[in-house]
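predicted coordinates and the sequence they were generated for:
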Amino acid sequence: MTSRGGSCNDGASSNSNVSNSTNWTKGVKGFLLDVYGVAYNCGQTFSLIDGSVEAVSKLRKAGIPFRFCSNTSTKTPEKVLERLLEFGFDVKPGEIFTPIPVVKNYLRKHGYRPFILVDPCVDQEFAEFDQSDPNCVVLGDAKHRFSYENLNKAFQMLTDKKDSAIITLGTGKYYKETEGMFLDCGVFAKALEFATDKQSVCIGKPSKEFFTAAMNSMGLKPEETVMVGDDIIGDVQGAQQAGLKGVQVRTGKYRQLVDEPHSYVRPDAYVDNLLQAIEIYLAGKI
């Protein structure tokens, strides 16, 4: 779930060439695509990133499978689909992956009673769960719900109950909206980890399980799949650690001074935007 560059930019960088080699295209049969910062920018207003609709149309026309993979916990997959369709993307319901359905299955499987710190927009998604005596905390894009009162309530529950758990829908440090940078849920998960000496469980990106589920839905192997994202840790490194290839776009929350080169993550390629990645890939198939 924006711009880039030393500041940020919606599309082309001053260096229009792709960094690194184009070897990443070899053997690739399908794509995982981030939503915010790759397809469009979000915030109080939403703006389409240049070339992203065309890029998806090219994949569809070429018969290349893809999945949109977003860590958003402010919207259900249905709402993400609705927004993509409004922008003109050629996308179908089964091509959207977000953590909310996955975390609900996880809560059911383990019999957890969650203390929910997510955006109020998705409260109804958790209505089926008993929340009267919680034994876990679920952290998502909560923004104003990340108050001292709520975090301390989560802390007290986690320390009072021996088998309680911290479940996070992502491990991001920050994300970018049209109004600027915002702290992501990973920051608050780390605070609770530090205070409780518990290790959190990540359901969304960059967990291997999330990438694997999206990849398996296309019937592909890790080496046949590439993740295109604006988050060099959550998207690129997470994908690479799951055995996929990772391509970094220069849109969204990309920051040239930090991300290119990054101190320890080595993307398989840097591209100006999604369209450039797809054009390079398709050119290699001719």
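Sure thing, it's come through. Please read these numbers as outputs of a predicted model, since none were measured by experiment. Residues are numbered from 1 along each chain as shown.

settle this for me: residue 280 is touching residue 25, isn't it.
Yes: when contacts are counted by CB atoms under 8 Å, residue 280 is listed as touching residue 25 (6.5 Å). The way it works is simple: take the backbone N, C-alpha and C, and place the C-beta from them, glycine included.

of those two, which one has the most company?
Taking neighbours as other CB atoms under 10 Å, residue 280 and residue 25 compare with residue 25 leading, 19 against 16.

I'd assumed residue 279 was in contact with the more buried one.
No: taking contacts as CB under 8 Å, residue 25 lies outside contact range of residue 279: 10.7 Å.

give me the low-pLDDT residue ranges for the protein?
For the chain, residues meeting the criterion pLDDT under 70 lie at 1-21, 44, 286.

and the strands in it?
Using DSSP state E, the strands of the chain run over 30-33, 40-41, 47-48, 66-69, 96-97, 114-117, 136-139, 165-168, 174-177, 180-183, 201-202, 225-229, 245-249, 269-271.

how about JSON lines for those, with mean neighbour count and distance to residue 154 added?
Converted to JSON lines, the strands of the chain look like this (neighbours: other CB atoms under 10 Å; distance: least, CB to CB, whole Å):
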{"stretch": "strand 30-33", "mean neighbour count": "26", "distance to residue 154": "31"}
{"stretch": "strand 40-41", "mean neighbour count": "24", "distance to residue 154": "31"}
{"stretch": "strand 47-48", "mean neighbour count": "14", "distance to residue 154": "34"}
{"stretch": "strand 66-69", "mean neighbour count": "23", "distance to residue 154": "27"}
{"stretch": "strand 96-97", "mean neighbour count": "24", "distance to residue 154": "27"}
{"stretch": "strand 114-117", "mean neighbour count": "22", "distance to residue 154": "6"}
{"stretch": "strand 136-139", "mean neighbour count": "28", "distance to residue 154": "4"}
{"stretch": "strand 165-168", "mean neighbour count": "22", "distance to residue 154": "8"}
{"stretch": "strand 174-177", "mean neighbour count": "20", "distance to residue 154": "21"}
{"stretch": "strand 180-183", "mean neighbour count": "13", "distance to residue 154": "16"}
{"stretch": "strand 201-202", "mean neighbour count": "21", "distance to residue 154": "14"}
{"stretch": "strand 225-229", "mean neighbour count": "29", "distance to residue 154": "29"}
{"stretch": "strand 245-249", "mean neighbour count": "28", "distance to residue 154": "32"}
{"stretch": "strand 269-271", "mean neighbour count": "25", "distance to residue 154": "38"}
